[in-house]
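K.L.:
Next input, structure requested:
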Amino acid sequence: MHSPFKVKTLNQLVCHLLGNACEDESYAEKIIQTAKEQNTELFKFIISEFNLSSLSIYQKAAAFCDLAFSEIVPRDISIKLDLMRLDMLATINCFEATLFDKEILFTSADAISLLSLSNQVTKNPRFYVCIVPPYALQDALVSHFSDDMMSESRQRLARRWPYASAHIDLTYRARILFLVAAVAIISLVTFAPISMTLFLLPLLVLLFLLPAWLRLSAVLEKPDYKETAKQNLLSDKDLPIYSVLIPLRDEAHMVRQLASAMCSLNYPAHKLDVKFIVESASPSTIKAVREILDDPRFELIIVPKSAPHTKPKALDYALPLVRGKHLVIYDAEDIAHPDQLRKAATRFASDFSIDCIQAELEIENASENWLTACFSAEYSGLFGIMLPALSNWKFPMPLGGTSNHFRTRSLLEVGGWDAFNVTEDADLGLRLSRLRYKTGVLKSTTLEEAPISLGAWMGQRTRWMKGWMQTYIVHNSYPKQFLKDIGWRNFLAFQIYVGSLVISAPLHTIFFIVLIVRFIYAGNIGFVDDDIWLVAHLFFIIAGYSSTALHSAIGLIRLKKYKLLWIIPTLPIYWGLVGIASIIAAYELMVKPYFWSKTKHGVSKRKRMK
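P.N.:
Residues are numbered from 1 along each chain as shown. You can find the predicted model right below:
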């Protein structure tokens, strides 16, 4: 045992922690100085640099400081902790609790604090302290505040945005009105007699020509990536803590690949805060994550079973535990470029006006079949051309569901994600714009896997289209407030981009079917028999098809995916499938608006890139 009168030093503590790996106290001093230069807490630095476990480090530290140690915080203890704000959870490294008849301080504090506590215990033997590893302390806090965290994940946005939340504003009446209006517009455009053509011309321009003009303009726009040369990227010591949130459900088979992808990131391990967010209803996934928790970068957050069963609800639940200055979302199948986090951190540091950055998503299994090739063409146009153009124009930018990077402070200020919106990324991008927050793009790729079967694709696309409908309804529920927040320019851009998307998708499919019927039964079944109608409508639909085809083709060429250009003439069939998904989405909007159709990952037969 150490003498109670002997002052314990930080150098001695480091030597004790490292054992034979520490040559002497001068070597320990170098480690302490390096940790300071890296702006990293000493224990985290040692754990990372010497590949040690949190358990062993804190156990050895407790022994050195003559303090009690426990691998876990006992269940059913009475924790005494009042929080002013739930998002302070990530900063807590100690709390008092009553165990039997004793008041005990449970802590996973830093090295200097533990030495200080050791001296206090020496002076006051009645002061009880128990050291626990950080993950054990977090588990206890999550267990204690679980109900509050769940309530906050469901209601945070509704409190912050009482006039733009799917929880409140996606009423049955609003959904009925939206669908009645959509059906009326589609019916008018499709079946209107020649006498109505002139009257409907502005509507046709809104639905077909303006979106086509927007896509063509995006093709001509030069992306402003503000790319930083590799040698000018932030050094390790200047990088902040970066949180990575990975929501999982029934994806145990993806955990090892995810862990490998996270370890491949060119970012200091002691500054990575990787959180696997798993629903309690996925025991096999929880088990798979527990098997990799020996890596100090990784943490497991278990989300209790509670409606709505959505990805944004899970992300909102974990948000109070985020330690990073910045954070990023990755899906189960994502493999991000190793430099992506360092590039994003550099961009944030060089431009204090930017609050969110969208990295580019690229389909890795594009050549697997016709469906994945079309998906790749769609993504290449969206992430390589359209989103950079929207960013340049400072229009509202619908985010991708993954690889979006945030300043954590900004994300908290806008209320996090909408737990009840099944396309939470599009909604969040719009809310950022409403608060005049700036969103940019990053020239860094994340590889994704496209659905390989029609059933999986249809389920995913139905959810996406339903989410777009939710977003359109919710943000237009209070048009005056919406206009005041976003301004005329962005208000119109939203109506053109999103409004035409949710209407034109089923319209293309229905109109195409009617067009075929007209050709087959020309003049025999009572439909319009005037050539002017045919010419006008063909002009509008060809404008829409050709602009999107050009958009996709140039996107593929930009990525040097020349072998996929053969699918461009077949895209009308793909858009027909999108239309069918939109019709199913409209049905789901009425009967199960918050249902989340889960996409199964890791089913591609193509070998993943490492």
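
K.L.:
so what's residue 333 scoring on pLDDT?
P.N.:
Listed pLDDT for residue 333 reads 92.

K.L.:
Could you do residue 266 as well?
P.N.:
Reported pLDDT at residue 266 in the predicted model: 96.

K.L.:
Helix or strand: which one has the closest residue to it other than its chain neighbours?
P.N.:
The shortest distance from residue 266 to any non-neighbouring residue, by CB to CB, 6 or more residues apart in numbering, is to residue 338 (4.3 Å). Bear in mind the C-beta positions are built from the backbone N, C-alpha and C, glycine included. Using DSSP states H and E, residue 338 sits in no helix or strand.

K.L.:
Compute the distance from the centre of stretch 111-119 to the centre of its chain.
P.N.:
Here stretch 111-119 is found 38 Å from its chain centre; the criterion is CA atoms, centre = their mean, to the nearest Å.

K.L.:
which other residues reach it?
P.N.:
Contacting residues not belonging to stretch 111-119 are listed as 7-10, 13-14, 41-43, 61-62, 65-67, 93, 105, 107, 109, 129, 131 [CB atoms under 8 Å, 6 or more residues apart in numbering].

K.L.:
got the buried residues for whatever helix or strand residue 151 lives in?
P.N.:
When elements are assigned from DSSP H and E, residue 151 belongs to helix 134-160. Residues of helix 134-160 classed as buried: 134-142, 144-145, 149-150, 152-154, 156-158 (neighbour count, 16 or more other CB atoms under 10 Å).

K.L.:
mind showing which ranges of this protein have poor pLDDT?
P.N.:
Scanning the chain with the threshold set as pLDDT under 70 gives 1-7, 125, 192-201, 228-229, 231, 518-519, 521-537, 605-610.

K.L.:
Tell me which stretches of it form strands.
P.N.:
All strands of the chain, identified by DSSP state E, fall at 68-69, 78-80, 94-99, 102-107, 128-131, 242-248, 272-279, 298-303, 326-329, 335-336, 354-363, 404-407, 438-448.

K.L.:
To residue 574, which of these lies closest?
P.N.:
Nearest of the strands of the chain to residue 574, taken as CB to CB: strand 354-363 at 13.5 Å.

K.L.:
and residue 441, how many neighbours does it have?
P.N.:
24 (other CB atoms under 10 Å).

K.L.:
residue contacts, it?
P.N.:
With CB under 8 Å, 6+ apart, residue 441 has these contacts: 223, 225, 357, 358, 359, 360, 387, 388, 391.

K.L.:
Mind listing the residues bridging to it?
P.N.:
Beta bridges link residue 441 to residue 358, judged by DSSP bridges.

K.L.:
That one and residue 364, how far apart?
P.N.:
According to CB to CB, to the nearest Å, residue 441 stands 20 Å off from residue 364.

K.L.:
wait, residue 186 sits on residue 505?
P.N.:
No - using CB atoms under 8 Å, residue 186 is not in contact with residue 505, being 10.3 Å away.

K.L.:
Looking at these two, which one has more neighbours?
P.N.:
residue 505 (23 against 19).

K.L.:
For the more buried one, which non-adjacent residue is spatially closest?
P.N.:
Spatial nearest neighbour of residue 505, excluding adjacent residues (CB to CB, 6+ apart): residue 582 at 4.1 Å.

K.L.:
For that neighbour, grab the count of nearby residues.
P.N.:
27.

K.L.:
How about the one 4 residues further on?
P.N.:
The number of residues packed around residue 586, counting by other CB under 10 Å, is 20.

K.L.:
Excluding chain neighbours, give the residue nearest to it in space.
P.N.:
residue 179 is the one closest to residue 586 (CB to CB, 6+ apart), at 5.8 Å.

K.L.:
Okay, the nearest residue to residue 17 once chain neighbours are set aside and residue 371: tell me how far apart.
P.N.:
Nearest non-adjacent residue to residue 17, counting by CB to CB, 6+ apart: residue 60, 5.2 Å away. According to CB to CB, residue 60 stands 55 Å off from residue 371.

K.L.:
residue contacts, residue 505?
P.N.:
465, 575, 578, 579, 581, 582.

K.L.:
check contacts around the nearest residue to the second one once chain neighbours are set aside.
P.N.:
By that I understand residue 575. Nearest residue to residue 575, sequence neighbours excluded (CB to CB, 6+ apart): residue 508, at 5.4 Å. Applying CB under 8 Å, 6+ apart to residue 508 gives the contacts 541, 544, 572, 575, 576, 578, 579.

K.L.:
how close does the fourth one get to residue 383?
P.N.:
Which is residue 575. On the measure of CB to CB, residue 575 and residue 383 end up 18 Å apart.

K.L.:
Next: the third one.
P.N.:
Plainly put, residue 572 is 22 Å away from residue 383 if you go by CB to CB.

K.L.:
higher neighbour count, those two?
P.N.:
Using other CB under 10 Å, the more surrounded residue of residue 572 and residue 383 is residue 383, with 23 against 15.

K.L.:
That one against residue 361, yeah?
P.N.:
Yes - between residue 383 and residue 361 there is a contact under CB under 8 Å: 5.1 Å.

K.L.:
Now for the two: what residues contact both?
P.N.:
When contacts are counted by CB under 8 Å, 6+ apart, residue 383 and residue 361 are jointly contacted by residue 400.
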